[in-house]
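Peer 1: please work out how this folds:
(one chain, ligands or ions: 1)
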Amino acid sequence: MFVAKGLMIVCDGSNGAGKTTILKAISAHLESKGREVVLTREPGGTPIGEKIRALVLSPETPEMCDMTELMLFSAARAQHLNEKILPALAEGKIVLSDRFSAATVSFQHYARGLSLDAIEQLNSLVLGDFKPTINIILDLDPLVGLKRVHARGEGLDRLEDQDINFLNRAREGYLKQAEQYPESFAVINADQPLPSVIQDTLSVIDALL
Ligand code: Z5A
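Peer 2: I've put the predicted structure just below:
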């Protein structure tokens with residue numbers, strides 16, 4: 001049986017909460033301590049995954065049905081796990097992933113309304129008994145997150161462009177998962193100045209090292 005030697009740290013949560021920004025800071029911090037880090041994201045992280053990302057997030061495919069969306073996120077994850085994550089962990093590296101399987105539970109179950117049972121079965125088909133070391137959830141009111149994304153000057157992706165209740169349900173989904181599985185989740189208030197969010201995240205990670 002495969003035994004992972006490294007650590008898999010997922011940063012997930014509300015849209016625009018600062019995941020990408022925080023992960024860059026964490027990566028620099030860990031590298032300064034001599035750790036080998038692989039910074040990656042979902043959907044994406046591999047050439048196949050990035051092609052799936054372009055398709056699943058494109059605002060030009062509003063007709064995509066919910067089941068197609070679920071299968072695309074899962075297909076990208078299967079490739080990501082096998083091509084990139086497991087080999088990096090086997091070499092003792094620290095994998096930092098911008099979103100992972102908790103996003104599917106939050107967005108496709110809590111926000112879209114697809115069956116939790118079906119999503120858990122699919123996650124287990126894709127992941128087997130693999131799970132990240134920790135899911136760090138950056139919690140933020142999606143309205144504040146959307147303002148940050150707008151201020152960045154980029155357009156919205158197909159999921160950000162849903163109504164605000166959709167994004168609120170996804171946020172609640174993360175908080176419910178964190179309540180249900182406290183050993184695998186840590187929730188951080190992302191509505192603070194950036195240095196405080198980075199410090200809170202580092203405290204969680206340093207405790208794992
Ligand atoms: N999705 C799904 O439905 N199912 C799945 O299984 C998976 C994903 C894996 C893509 O995610 C979409 O896919 C996402 C969920 C869905 N849709 N939504 N919503 P994504 O991660 O690529 O998209 P995102 O969540 O919208 O990420 P983002 O826009 O890249 O945001 P971020 O990475 O969390 O934030 P950021 O880019 O680091 O920061 C945004 C801006 O805010 C930036 O200008 C920063 O400088 C600024 N910022 C960051 N932190 C702060 C603080 N603390 N204060 C003030 N300003 C800040």
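Peer 1: in this protein, which spans are helices?
Peer 2: Ranges of helices in the chain, per DSSP state H, are 19-32, 47-57, 66-80, 86-90, 101-103, 116-127, 142-151, 164-180, 194-206.
Peer 1: and of these, who's closest to residue 8?
Peer 2: helix 86-90 (6.3 Å; C-beta to C-beta). Just so you know, the C-beta spots here come from the backbone N, C-alpha and C atoms, and that holds for glycine as well.
Peer 1: can I get that closest one as CSV, trimmed to CA atoms?
Peer 2: Written as CSV, here are the backbone C-alpha positions of helix 86-90 (Å, rounded to 0.1, in the frame of the first residue of the first chain):
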residue,chain,number,x,y,z
LEU,A,86,1.1,11.3,-4.8
PRO,A,87,4.6,11.5,-6.5
ALA,A,88,5.5,14.7,-4.6
LEU,A,89,4.3,13.3,-1.2
ALA,A,90,6.3,10.1,-1.9
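Peer 1: could you list the buried residues of that helix?
Peer 2: Across helix 86-90, burial judged by 16 or more other C-beta atoms under 10 Å covers 86, 88-89.
Peer 1: residues contacting residue 103?
Peer 2: By C-beta atoms under 8 Å, 6 or more residues apart in numbering, the residues touching residue 103 are 12, 42, 73.
Peer 1: I figured the second one was touching residue 102, is that so?
Peer 2: Just to be clear, that refers to residue 42. No: applying C-beta atoms under 8 Å, one finds residue 42 not in contact with residue 102, separated by 10.2 Å.
Peer 1: spatially nearest residue to the residue nearest the centre of the chain (excluding sequence neighbours)?
Peer 2: The centroid of the chain falls nearest to residue 99 when counting by C-alpha atoms, centre = their mean (1.0 Å). Using C-beta to C-beta, 6 or more residues apart in numbering and skipping residues adjacent in sequence, the residue nearest residue 99 is residue 42, 4.4 Å away.
Peer 1: quick one: neighbours of the one you found, just the number.
Peer 2: Using other C-beta atoms under 10 Å, residue 42 has 22 other residues around it.
Peer 1: from residue 48, how far out is it?
Peer 2: Using C-beta to C-beta, to the nearest Å, we find residue 42 at a distance of 12 Å from residue 48.
Peer 1: what do you get for residue 19?
Peer 2: 22 Å.
Peer 1: looking at these two, which one has more neighbours?
Peer 2: residue 19 (24 against 15).
Peer 1: quick one: contacts for the more buried one?
Peer 2: 11-13, 98-99, 138.
Peer 1: check residue 76 too.
Peer 2: Counting by C-beta under 8 Å, 6+ apart, residue 76 has contacts 42-46, 48-49, 52-53, 56.
Peer 1: what do you get for residue 64?
Peer 2: 56, 158.
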